[in-house]
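1. coordinates only, no sequence provided:
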């Protein structure tokens, strides 16, 4: 079993994250003698969007910013023996692997050994029957775009042990991007639940990028973060027992302290004693944190229990069309004019659409779709208000009626309306369930390199 600690840095927390954070992480890993760089780029609906892209182009469907993320650090990673693991394969991991190979060629680098994890996409008729069993007849009415199971760390670990320098995955559980390298590095048994539980929570600390280094944490005057504009991405140091220390890339802004770590530790955790993942049920009910240096927090007391018998599945389906439109009112009686505009549009639609109203500048974020809060709130005296109306319908032409009515307010509505913006776009809905893990046939293959 390897004695040297494992360093894992994360350079993205979602698709669309910054693309300039990886270099500082790679430089820091190189200074520590190597390690693993992970990219987490999938949210719940990201895969469905990627599948739509693949449907339109068989060579698309992976992370759109892949070249910007991997290209600038590829040479450094290969030179310093830093493995790359990312779920940036999305709906098309083989195409992502080919794109990385192309990046290497373009830079005059040796083609790296790239492994591709497969099996998360549930496309077989048997999968559909199983999903219908779990979701019921409502599945019959869904125009399904994608159905993907959350895979675990096993395939990642196997590929790394086989010599892969880069592992490309589709839908795997976010913490598994960290558990896989830890399994490969230390050779833990797949039922070593305490160690897997600790490594899972190390991955949980990393998976949201700068969220643990001050991003999504800072509140001016209450939780100030130095140089948050240049917050560094996190690095975990994992020991042979699965214990870990959270830090960040050297020479970067942001902060790692007990507060940022505690917030991230609890982020999206519903039951601290039973955090379910494909690899283990992690238990943080007795976890504690300890500051051991500047921007270095040790997390201890984590346990783990036997993994679930079933895997989570996300099914994304077309949900009709979303129409959104906005118009601004400013000055005398601005809020009253915006409310009148809302009333005009609703009367014109005559109940054909269920409309949500937001008065940005008076009530929006805290409002409800039914408009109860806005209706019960007495008119105020806001002098700078933007009226936003939104509605959805299965028929694009019906949803578009809202946009036409808002646009008509230029001359058919209250005085002084301006700055109309409208959009009509397809909507994706999602439902989740679980299925037996033996119904999912996952694996990995090493991409064949061509000269």
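-> Nice, I can see it. On a predicted model such as this, the values are computed, not experimentally measured, just so you know. Numbers count the residues shown, from 1 in each chain.

2. going forward, measure contacts between C-alpha atoms and count neighbours the same way
-> Will do.

3. helices along the stretch 101-250 of the chain, start to end?
-> 125-135, 154-161, 176-186, 193-206 (DSSP state H, counting those that start in this stretch).

4. residue 393 reaches residue 353, doesn't it?
-> Yes - counting by Cα atoms under 8 Å, residue 393 does reach residue 353; the two are 7.4 Å apart.

5. between those two, what contacts are shared?
-> residue 399 (Cα atoms under 8 Å, 6 or more residues apart in numbering).

6. ok, back up a step: and the helices of the stretch 101-250 of the chain as TSV, adding mean pLDDT, distance to residue 363 and mean neighbour count?
-> Formatted as TSV, these follow (pLDDT from 0 to 100; distance: least, Cα to Cα, whole Å; neighbours: other Cα atoms under 10 Å):
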stretch	mean pLDDT	distance to residue 363	mean neighbour count
helix 125-135	94	37	14
helix 154-161	98	47	23
helix 176-186	98	40	27
helix 193-206	98	34	28
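
7. ok, which of these comes nearest residue 411?
-> Across the helices of the stretch 101-250 of the chain, residue 411 has its closest neighbour in helix 125-135 (48.7 Å, Cα to Cα).

8. related to what we said a few turns ago, can you add distance to residue 438 and give the helices of the stretch 101-250 of the chain back as a markdown table?
-> Converted to a markdown table, these look like this (distance: least, Cα to Cα, whole Å):
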| stretch | distance to residue 438 |
| --- | --- |
| helix 125-135 | 11 |
| helix 154-161 | 14 |
| helix 176-186 | 18 |
| helix 193-206 | 20 |
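
9. to residue 440, which of those lies closest?
-> Closest among the helices of the stretch 101-250 of the chain, using Cα to Cα: helix 125-135, at 8.4 Å.

10. re earlier: any idea which of the helices of the stretch 101-250 of the chain gets closest to residue 63?
-> That would be, of those and by Cα to Cα, helix 176-186, which comes in at 16.0 Å.

11. which one's the longest strand in this protein?
-> Longest strand in the chain, counting residues (DSSP state E): strand 310-330.

12. what about it, distance to the chain center?
-> 16 Å (Cα atoms, centre = their mean, to the nearest Å).

13. list the contacts of the helix or strand following that strand.
-> The helix or strand immediately downstream of strand 310-330 is helix 334-349, counting by DSSP states H and E. Outside helix 334-349, the residues that touch it by Cα under 8 Å, 6+ apart are 328-329, 355, 357, 359, 362, 379-387, 389, 401-402, 405-406, 409, 413-415.

14. the longest strand of the chain pairs with which strands, and in what direction?
-> strand 144-149 (antiparallel), strand 384-393 (antiparallel), strand 418-436 (antiparallel) (DSSP bridges).

15. ranges for the helices of the stretch 351-451 of the chain?
-> Under DSSP H, counting those that start in this stretch, the stretch 351-451 of the chain gives helices at 372-376, 396-412.

16. for residue 258, which of those is the nearest?
-> Per Cα to Cα, nearest to residue 258 of these: helix 372-376, 37.4 Å.

17. and the gap between residue 55 and residue 266?
-> Distance, residue 55 to residue 266, using Cα to Cα, to the nearest Å: 37 Å.

18. from the contacts of helix 334-349, which would you call buried?
-> 328-329, 355, 357, 359, 362, 382, 384-387, 389, 401-402, 405-406, 409, 413-414 (16 or more other Cα atoms under 10 Å).

19. returning to what we had before: worst average pLDDT in the helices of the stretch 351-451 of the chain?
-> Looking at the helices of the stretch 351-451 of the chain, the lowest mean pLDDT belongs to helix 372-376 (a mean of 79).

20. let me see the domain layout of the chain.
-> 6-135+148-308, 315-432 (automatic domain parsing).

21. pLDDT wise, what is the closest residue to residue 427 other than its chain neighbours at?
-> In space, and not counting its chain neighbours, residue 427 is closest to residue 319: 4.9 Å by Cα to Cα, 6 or more residues apart in numbering. For residue 319, the model assigns a pLDDT of 94.

22. do the one 3 residues further on as well
-> According to the per-residue confidence, residue 322 scores 97 in pLDDT.

23. what count of nearby residues applies to it?
-> By other Cα atoms under 10 Å, the residues close to residue 322 number 20.

24. that one reaches residue 393, doesn't it?
-> Yes - under the criterion of Cα under 8 Å, residue 322 lies in contact with residue 393, with a separation of 6.9 Å.
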